[in-house]
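**Student:** can you look at this prediction? I've put the sequence above it.
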Amino acid sequence: MITGKKTTGINQMKSTDFIVARNDLQQCKVIETELPDAGALPDDALLVKVTRFAFTANNVTYAVMGDQLKYWSLFPAPDGFGNIPVWGFGEVIASRHPGIPVGEMLFGYFPMATHLVIEAADVSKRGLRDGAAHRQDVSPVYNAYTRVSGNPAFTGKQGDYQALLRPLFMLSFLVDDYLAENEFFGARGVLLSSASSKTAFGLAHLVHTLRKGIKVIGLTSASNVEFVKSLGCYDEVVTYDRVTSLPPDFAVAYVDMAGNSGLREKLHRHFGDQMKYSGIIGLTHRLSSPDEKFELPGAKPRFFFAPDQIRKRAKEWGPGGIDVRFGAAWSDFVPKLDQWLSVTEGRGPDTVKQIYLDTLNGRVAPNEGHILSL
Ligand SMILES: NC(=O)c1ccc[n+]([C@@H]2O[C@H](COP(=O)([O-])OP(=O)(O)OC[C@H]3O[C@@H](n4cnc5c(N)ncnc54)[C@H](OP(=O)(O)O)[C@@H]3O)[C@@H](O)[C@H]2O)c1
């Protein structure tokens with residue numbers, strides 16, 4: 001994907017881009033865009049080959065929220081279409097920045113494409129930032145690339161886990177920290193919707209291992225019950241149609257990954273004042289009503305805004321404080337993934353399209369982790 005500056009010179013290569021219709025995510029197609037030859041790159045630019053990326057329900061949420069949260073502006077596509085951002089790896093194949101050699105491997109936010117031109121800025125030993133003007137409307141985390149050449153934590157299966165889970169587990173880590181800091185708002189248990197999702201089971205793992213005395217209750221679809229039970233980090237697993245069987249006098253904190261308005265209302269009415277916290281995180285079910293009123297019994301539902309917690313902890317814990325704690329939590333989590341996830345690698349436009357549509361339509365089993373490339 002090439003954006004921004006006009007290029008000159010002979011175009012020798014093309015980028016293959018996978019794009020979706022913004023107003024109908026079921027419509028998708030592959031297009032080709034021109035790539036500049038290395039000599040025509042602007043100063044400080046890098047031509048990066050996108051080598052592999054993860055695709056989960058989180059990426060579908062980026063598409064659903066594309067206009068509202070400006071995700072579509074990151075990797076522009078033709079009118080009416082959008083390129084969904086994905087977490088993954090890219091190899092620098094041409095460089096006009098003196099500090100970044102050809103062959104450098106980067107981890108970060110990429111388009112679903114074979115190539116991306118990055119305007120390298122703030123280059124350090126650890127990473128760099130894409131300074132392209134059209135990317136500056138989003139949180140800085142989406143423009144940061146980590147230099148990972150030769151880093152064993154980012155190669156092979158470890159690399160797959162990073163792409164599939166690291167950004168999700170950061171959210172799990174922040175929610176666990178936020179709830180613990182607030183003593184779970186007086187709740188004795190945490191309820192997680194879409195308990196089979198990677199973000200949910202990351203949080204369940206943290207609460208289960210770190211917060212003794214807090215019961216972890218997973219809510220999921222009938223087809224995913226066995227998987228959720230097998231994880232061993234949920235004390236109880238309940239299907240969506242049985243949530244009112246939970247004892248209503250047990251104080252709970254609700255962490256919502258499903259974004260299902262009907263389920264939220266049912267839970268609030270069931271638990272009433274025992275609903276001590278209600279945080280909206282995800283949108284896997286895509287059943288949120290835009291006109292939803294949050295005047296429900298119990299704690300008022302509110303969006304969990306990760307950057308707020310990051311800012312707060314960065315101030316309190318000082319430089320590197322989050323990284324050290326997150327690193328320790330990640331190291332404890334990753335060994336579990338060999339039992340919990342089966343990583344499948346898929347290549348080429350047809351496979352990418354298939355996995356995209358399967359993910360969009362809820363046809364991916366929760367133990368599957370897809371690593372793709374175009
Ligand atoms: N706010 C943030 O900063 C932030 C950060 C990270 C993640 N999140 C959100 O957390 C959610 C989970 O993301 P993930 O990548 O961890 O998910 P994932 O692992 O791909 O989750 C898969 C699960 O989601 C449910 N699901 C997925 N597609 C569905 C569909 N079309 N219809 C019905 N259910 C469907 C199913 O769970 P059940 O059967 O158990 O419901 C499925 O097993 C996403 O909405 C993501 O955006 C938000």
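**Tutor:** Arrived safely.

**Student:** from now on I want contacts and neighbour counts done on CA atoms only, so please keep to that.
**Tutor:** OK.

**Student:** the ligand contacts on the stretch 1-150 of the chain?
**Tutor:** 56-58, 61 (Cα under 6 Å from any ligand atom).

**Student:** ok, for Val175, nearest residue in space, not its chain neighbours?
**Tutor:** Excluding its sequence neighbours, the residue lying closest to Val175 (Cα to Cα, 6 or more residues apart in numbering) is Leu203, at 7.3 Å.

**Student:** just give me the neighbour total for Glu183.
**Tutor:** 12 (other Cα atoms under 10 Å).

**Student:** one more: Pro36?
**Tutor:** Neighbourhood size, Pro36 [other Cα under 10 Å]: 22.

**Student:** distance check, it against Phe89.
**Tutor:** Between Pro36 and Phe89 the computed distance is 21 Å (Cα to Cα, to the nearest Å).

**Student:** same check, this time on Lys14
**Tutor:** In terms of Cα to Cα, Lys14 sits 19 Å off from Phe89.

**Student:** who's more crowded, these two?
**Tutor:** Neighbour totals were compared for Lys14 and Phe89, and Phe89 leads with 29 against 17 (other Cα under 10 Å).

**Student:** run a quick neighbour tally on Pro140.
**Tutor:** Neighbour tally, Pro140, other Cα under 10 Å: 12.

**Student:** could I get the phi/psi values of it?
**Tutor:** phi -60, psi -30 (degrees, to the nearest 10).

**Student:** OK, contacts around it?
**Tutor:** The contact partners of Pro140, taken as Cα atoms under 8 Å, 6 or more residues apart in numbering, number zero.

**Student:** redo that, cut-off 10 Å
**Tutor:** Contact analysis of Pro140 by Cα atoms under 10 Å, 6 or more residues apart in numbering lists 129-130, 307.

**Student:** so what secondary structure elements neighbour the host helix or strand of Asn58?
**Tutor:** In the assignment (DSSP states H and E), Asn58 maps to helix 57-64. Applying 3 or more Cα pairs under 10 Å, 6 or more residues apart in numbering; DSSP states H and E, we find helix 57-64 packed against strand 24-35, strand 86-95, helix 156-181, helix 198-210, helix 349-360.

**Student:** isn't Met275 right up against Glu265?
**Tutor:** No: the pair Met275 and Glu265 does not pass the contact test of Cα atoms under 10 Å, sitting 11.2 Å apart.

**Student:** same drill for these two, tell me which one is more crowded.
**Tutor:** Between Met275 and Glu265, Met275 has the larger neighbour count (other Cα under 10 Å), namely 27 against 17.

**Student:** skipping its backbone neighbours, what lies nearest that one in space?
**Tutor:** Nearest non-adjacent residue to Met275 (Cα to Cα, 6+ apart): Gly298, at 4.8 Å.

**Student:** now do that neighbour, the pLDDT please.
**Tutor:** Listed pLDDT for Gly298 reads 98.

**Student:** looking at this, it is in a helix?
**Tutor:** No: assessed with DSSP: H, G, I helix; E, B strand; the rest coil, Gly298 is coil; it does not lie in a helix.

**Student:** C-alpha coordinates for stretch 105-118, PDB please?
**Tutor:** Coordinates of the C-alpha atoms in stretch 105-118 are reproduced here as PDB (Å, rounded to 0.1, in the frame of the first residue of the first chain):
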ATOM      1  CA  MET A 105      12.400  -6.600  10.700                       C
ATOM      2  CA  LEU A 106       9.600  -4.400  12.200                       C
ATOM      3  CA  PHE A 107       6.700  -5.400  14.400                       C
ATOM      4  CA  GLY A 108       3.600  -3.100  14.400                       C
ATOM      5  CA  TYR A 109       0.400  -2.000  12.800                       C
ATOM      6  CA  PHE A 110       0.200  -2.800   9.100                       C
ATOM      7  CA  PRO A 111      -2.400  -2.800   6.300                       C
ATOM      8  CA  MET A 112      -3.700  -6.000   4.900                       C
ATOM      9  CA  ALA A 113      -1.300  -5.700   2.000                       C
ATOM     10  CA  THR A 114       1.900  -7.000   0.700                       C
ATOM     11  CA  HIS A 115       3.800  -3.600   1.100                       C
ATOM     12  CA  LEU A 116       3.700  -0.400   3.000                       C
ATOM     13  CA  VAL A 117       5.800   2.800   2.700                       C
ATOM     14  CA  ILE A 118       6.700   4.200   6.100                       C
END
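
**Student:** circling back: could you check how many residues crowd around the residue nearest to Val175?
**Tutor:** Residues near Leu203, counting by other Cα under 10 Å, number 27.

**Student:** who's in contact with it?
**Tutor:** 168-177, 190, 192, 195, 209, 216, 233, 255.

**Student:** filter these down to the buried ones.
**Tutor:** 168-177, 190, 192, 195, 216, 233, 255 (16 or more other Cα atoms under 10 Å).

**Student:** my read is that Tyr254 contacts Ser194, right?
**Tutor:** No: proximity of Tyr254 to Ser194 does not meet the contact threshold set by Cα under 10 Å, at 11.6 Å.

**Student:** looking only at neighbour counts, state which of the two leads.
**Tutor:** The neighbour comparison of Tyr254 against Ser194 (other Cα under 10 Å) goes to Ser194, with 28 against 24.

**Student:** before we move on, the earlier item: neighbour-wise, which one of the residues of the stretch 1-150 of the chain next to the ligand leads?
**Tutor:** Thr56 (26 neighbours).

**Student:** residues near the nearest residue to it once chain neighbours are set aside, how many?
**Tutor:** By the measure of Cα to Cα, 6+ apart, the closest residue to Thr56 outside its immediate chain neighbours is Thr359, 6.6 Å from it. A total of 20 residues lie near Thr359 under the criterion other Cα under 10 Å.

**Student:** my guess is Thr359 contacts Ser197. True?
**Tutor:** No: using Cα under 10 Å as the test, Thr359 is too far from Ser197 to be in contact (11.8 Å).
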